[in-house]
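Asks: Need coordinates for the below:
(2 chains)
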Amino acid sequence: MRHFSEEDLIAYQLHESADERAVAKHLESCSECADLSESIAETLRVFSADPVPLPNLEHNWHRLRGNLSVLTPERRGSFELLRWKWAWPSVGLATAALVLLTVFGMRLHRGGELNHNVAVNGHGPLTTEPTDLAIANHLDAAERLLTEVNNSPGSLDDTTREQAHNLLLKNAIYASNARDSGDLAQAAVLENFGRVLTTLDNEPPTPHSTWRLRLEMNTSGLLLDIRILRQNDDHSQGAAQ
Amino acid sequence: MSNRRMEKAETEAIRDVLAGNRDAYRVLMDRHFCSVTRVAFRITGNEADAEEAAQEAFLRAYNKLPSFRQDSAFSTWIMRIAMNTAINLVERRNRDLSYHAPRITDEPAAAEHTVRIADRQAGPEGILLNREATSLRQAAMAELTPMERTAFTLRHMEDIPMAEIAAALSITSNSAKQAVFRAVSKLRRSLTPVAGGLR
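Replies: Residues are numbered from 1 along each chain as shown, chains lettered A, B, ... in the order given. Take a look at the predicted model:
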């Protein structure tokens, strides 16, 4: 008698079997396969009763709404902007910026080994890096920390300060790697982040020091840089759809 | 409400959002946030991460709404984004050893960042009987890879078609099926030493 494999019987129990009738017929006459099939069915029963907590819709809506920007039809087609007279000065400025970037880019190219990623937030064009999962994770942690620093009304709590301490060493390594690989955009952002981390690690935990840190280090600008790097990372890893 | 009326309401909501009315997005959130959070919970295994993944998914969907062609239902689209977001979150958490989200347990402890989901139907005896089973289930699930866990929970607990799971995981249907089969096989073996009758 030919017995069915465990995989065949799992498929049968999940209604994914190509020939359910053949399996059912076999189980009627083969106690060995019937026992195995019942064991699989029991496993599925055991793992089917977990309760799921209901989310608080009101709370989640208010949290989400704060992050929603106003969408306008103009965003759907950028060429529609050209129909408006007021858009022409912007086009002129954009063209001038493009010329400057081209000249700057040619100088960098002549300069030798500089990478195409030149920096963000006032330092040059957006980067297409990183693609490394470890750095992506680091940027994620950096974004969470900076968001906390930016939004804390008073002094930072111990958890945030400990997180900053833990990120400090890793950040130095990633910044060094970015420099070595010629990715100046990433290196610039990470070095800036490193300064914030160092200050966080050494400053006394007072509301005044946190406020001064935000002012001096321009954490909101750095947060934007980190988000751009992270968003580029998301794009490089493939969109959700 | 019929499906056609639901779809019409959603289409109108999307049109209003694209016209600049942010509050119209609430219609879509009210309809789909719970189901999205439930699927995210199956993938992440904890309430805090599930809500974070759902939030992120709804934010991503909102920002991509201008490019949403509506050739598929919004529910299918948002679910796919949510599954992808939740899987990414689990992978990020696994890499970030410093992160400790609240985990579900029978004995919540603040120091261990654990919570317990209230089961209003279970009495004291039921809780006692369930405690050991819950621990066993958690230990067994912890042995699965993120992909196996995701594929198994979505297929078995949420009854999501294999093709949809495969699309979210960016793998073939056959690979998704194999991940589910491996998960069931591992879970069955995890229960063997204590389940007596199970082999």
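Asks: So the chain: which segments form each domain?
Replies: Unless you meant another one, I'm taking chain A. Residue ranges for the domains of chain A, per automatic domain parsing: A:6-46, A:82-111, A:133-236.
Asks: You answered for a different chain; I wanted chain B.
Replies: Split by automatic domain parsing, chain B gives B:1-97, B:130-199.
Asks: chain center to the last one: distance?
Replies: In terms of Cα atoms, centre = their mean, to the nearest Å, the gap separating the centre of domain B:130-199 from the centre of its chain is 13 Å.
Asks: Quick one: residues in contact with stretch B:10-27.
Replies: For stretch B:10-27, contacts defined as Cβ atoms under 8 Å, 6 or more residues apart in numbering or on different chains pick out A:61, A:64-65, A:68-73, A:76, B:9, B:28, B:31, B:58, B:62, B:65-66, B:68, B:70, B:73-74. Every residue, glycine included, has its C-beta placed from N, CA and C.
Asks: one step back: can you list the domains of chain B in a markdown table and add mean pLDDT?
Replies: Listed next are the domains of chain B as a markdown table, based on pLDDT from 0 to 100:
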| stretch | mean pLDDT |
| --- | --- |
| domain B:1-97 | 86 |
| domain B:130-199 | 82 |
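Asks: which one of these lies closest to A:Ala187?
Replies: Closest approach to A:Ala187 among the domains of chain B (Cβ to Cβ): domain B:1-97, 21.5 Å.
Asks: where along chain B do the helices fall?
Replies: Ranges of helices within chain B are B:3-18, B:25-44, B:47-64, B:74-95, B:124-142, B:146-152, B:162-169, B:173-195, based on DSSP state H.
Asks: tell me what the third one is packed against?
Replies: Which is helix B:47-64. helix A:57-65, helix B:25-44, helix B:74-95 (3 or more Cβ pairs under 8 Å, 6 or more residues apart in numbering or on different chains; DSSP states H and E).
Asks: swap the cut-off to 10 Å and go again
Replies: helix A:57-65, helix B:25-44, helix B:74-95, strand B:103-104 (3 or more Cβ pairs under 10 Å, 6 or more residues apart in numbering or on different chains; DSSP states H and E).
Asks: And the second one, how far out from the chain middle?
Replies: Taking Cα atoms, centre = their mean, one finds the center of helix B:25-44 at 9 Å from the center of the full chain.
Asks: and if you look at the longest one?
Replies: For helix B:74-95, the gap between its own C-alpha mean and the chain's C-alpha mean amounts to 8 Å (Cα atoms, centre = their mean).
Asks: Could you figure out how far it is turned away from helix B:47-64?
Replies: 130 degrees (axes from the mean of the first three to the mean of the last three Cα atoms, to 10 degrees).
Asks: now helix B:74-95 and helix B:25-44, what's the angle there?
Replies: Using the same axes, to 10 degrees, helix B:74-95 lies at 40 degrees relative to helix B:25-44.
Asks: Pull out the CA atoms of helix B:74-95 and give them to me as CSV.
Replies: C-alpha atoms of helix B:74-95 as CSV (Å, rounded to 0.1, in the frame of the first residue of the first chain):
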residue,chain,number,x,y,z
PHE,B,74,-8.9,49.4,-1.6
SER,B,75,-9.2,46.6,0.9
THR,B,76,-7.0,44.3,-1.1
TRP,B,77,-4.5,47.1,-1.8
ILE,B,78,-4.2,48.2,1.9
MET,B,79,-4.0,44.6,3.1
ARG,B,80,-1.1,43.9,0.8
ILE,B,81,0.7,47.1,2.0
ALA,B,82,0.0,46.1,5.6
MET,B,83,1.3,42.6,5.2
ASN,B,84,4.5,43.9,3.6
THR,B,85,4.9,46.6,6.3
ALA,B,86,4.4,44.1,9.1
ILE,B,87,6.9,41.7,7.7
ASN,B,88,9.4,44.4,7.3
LEU,B,89,8.8,45.5,10.8
VAL,B,90,9.4,42.0,12.2
GLU,B,91,12.6,41.7,10.3
ARG,B,92,13.7,45.1,11.6
ARG,B,93,12.9,44.1,15.1
ASN,B,94,14.8,40.9,14.7
ARG,B,95,17.9,42.9,13.7
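Asks: didn't A:Leu146 look like it was pressed against A:Leu156?
Replies: No - contact criterion Cβ atoms under 10 Å: A:Leu146 and A:Leu156 do not qualify, at 11.5 Å.
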